[in-house]
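Asks: Return a 3D structure for these sequence lines:
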Amino acid sequence: MHTGLFHEIDFEKDQKWSGHLGIPFSIDRSPYFQLKIPIFRIKNGAGPKLLLMAGNHGDEYEGEITLTRLYRRLDAKAVKGEITILPFANLPAVMAARRRSPLDEGNLNRAFPGDAGARRRSASRTSSSTSCFRAMTSSSTSIPAARRWRTCPAP
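Replies: As a prediction, this is how the structure comes out:
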């Protein structure tokens, strides 16, 4: 089973960037379906790294709105280091305006730091979250700038 995270983030380039994380989620119509989770990133030189997340619960809008506005208002030149923003971490729940994901009834807020012994779908969600954090906090220069994916051990 593929548990990789698809993205086109160039971790080395100084820029203000927005895009999506593609998280595989198999559905009956297609085994290649991906959840496209919005991600924003600002990098300007060396310095501290900050990860901001909102939207663990889809029915709590304050953080989602605040982080989206913050990204729009931040000037990349004013940043020293890196800021990565996930404004809608549990996008299916956000789109459904529900606390839990309508895809699997999972509560993303209960998936941290993860439990390898949990039900399969919960472990898959946790594995994707772990991949996501590894990708966003990586400082490796060996990651090519072209399209790539990262994997975690299957749960």
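
Asks: all helices of this protein, in order?
Replies: Using DSSP state H, the helices of the chain run over 62-73, 91-96, 120-137.

Asks: quick one: low-confidence ranges for the protein?
Replies: Residues of the chain meeting the criterion pLDDT under 70: 1-3, 113-155.

Asks: 80 - rerun?
Replies: With pLDDT under 80 as the threshold, the chain has low-confidence stretches at 1-5, 25-33, 109-155.

Asks: the strands in it, which residues?
Replies: If DSSP state E is used as the criterion, the strands of the chain fall at 5-7, 15-24, 34-44, 49-53, 81-86, 148-150.

Asks: residues near G58, how many?
Replies: Here the number of neighbours of G58 (other CB atoms under 10 Å) works out to 23. C-betas here are computed from N, CA, C, even on glycine.

Asks: What sits closest to it if chain neighbours are left out?
Replies: Setting aside the residues directly before and after it, G58 is nearest to A93 in space (CB to CB, 6 or more residues apart in numbering), at 2.9 Å.

Asks: Now for the one you found: which residues touch it?
Replies: G55, H57, G58, D59, R99, R100, S101, P102, L108 (CB atoms under 8 Å, 6 or more residues apart in numbering).

Asks: Apart from its neighbours in sequence, what residue is nearest the fourth one?
Replies: Using CB to CB, 6+ apart and skipping residues adjacent in sequence, the residue nearest D59 is R99, 5.1 Å away.
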